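Chemist: whatever this is, show me its structure:
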Amino acid sequence: MFGIALAITLILCGVLAAANLIIAKRPDAAAAIEKLTPIRGWVGLFALVWGLWALLTCVLNIGGLLKATPIWGITFLAAALVQSAVGFLLCYPLLAKHVFAKSGTAQEHAAGLLTRLAPHQANLGVASIVLGAWSVLAQFAF
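Modeler: Numbers count the residues shown, from 1 in each chain. Model (predicted):
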């Protein structure tokens, strides 16, 4: 169940992160993506928390994951990293308003991370979609 939920979240966040790229290639997708835009920050926050939880789970169980099914362990680690990054990009405005505004140091560190990740948002979105699709397939294959 955890893997399918992670995959669905990856795909949803990937679509939101790569929205401009998707709309440029498929203008008919704009209407569907526009419906998701109002909840972008909350989806991102959920993805960030879920991605960090998945990353922690993966790190704590990396030996077992790589020993039992190495491809799934690598997929799980990559999915957790990408989901955390995409989740941060999507929820940054929400965090900046409600969390980082209270601490200047936290705001500076978060802005620095955003500056490093933002140029790669579309690529991370595509990677998120691909990892999400692969995760669904891997659930049934492994």
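Chemist: from Gly73, how far off is the most centrally placed residue in the chain?
Modeler: Centroid-nearest residue in the chain: Gln83, 2.3 Å away (criterion: Cα atoms, centre = their mean). Distance, Gln83 to Gly73, using Cβ to Cβ, to the nearest Å: 16 Å. C-beta: built from backbone N, CA, C; applies to glycine.
Chemist: then Ala106?
Modeler: For Ala106 relative to Gly73 (Cβ to Cβ), the value is 32 Å.
Chemist: likewise Ala110?
Modeler: 30 Å.
Chemist: just Asp28 next, same as before
Modeler: Taking Cβ to Cβ, one finds Asp28 at 38 Å from Gly73.
Chemist: of these two, who's got more company?
Modeler: Using other Cβ atoms under 10 Å, the more surrounded residue of Asp28 and Gly73 is Gly73, with 19 against 7.
Chemist: residues in contact with the nearest residue to that one once chain neighbours are set aside?
Modeler: What sits nearest to Gly73 in space, not counting adjacent residues and going by Cβ to Cβ, 6 or more residues apart in numbering, is Leu65, at 3.2 Å. Neighbouring residues of Leu65 by Cβ atoms under 8 Å, 6 or more residues apart in numbering: 58, 72-73, 76-77.
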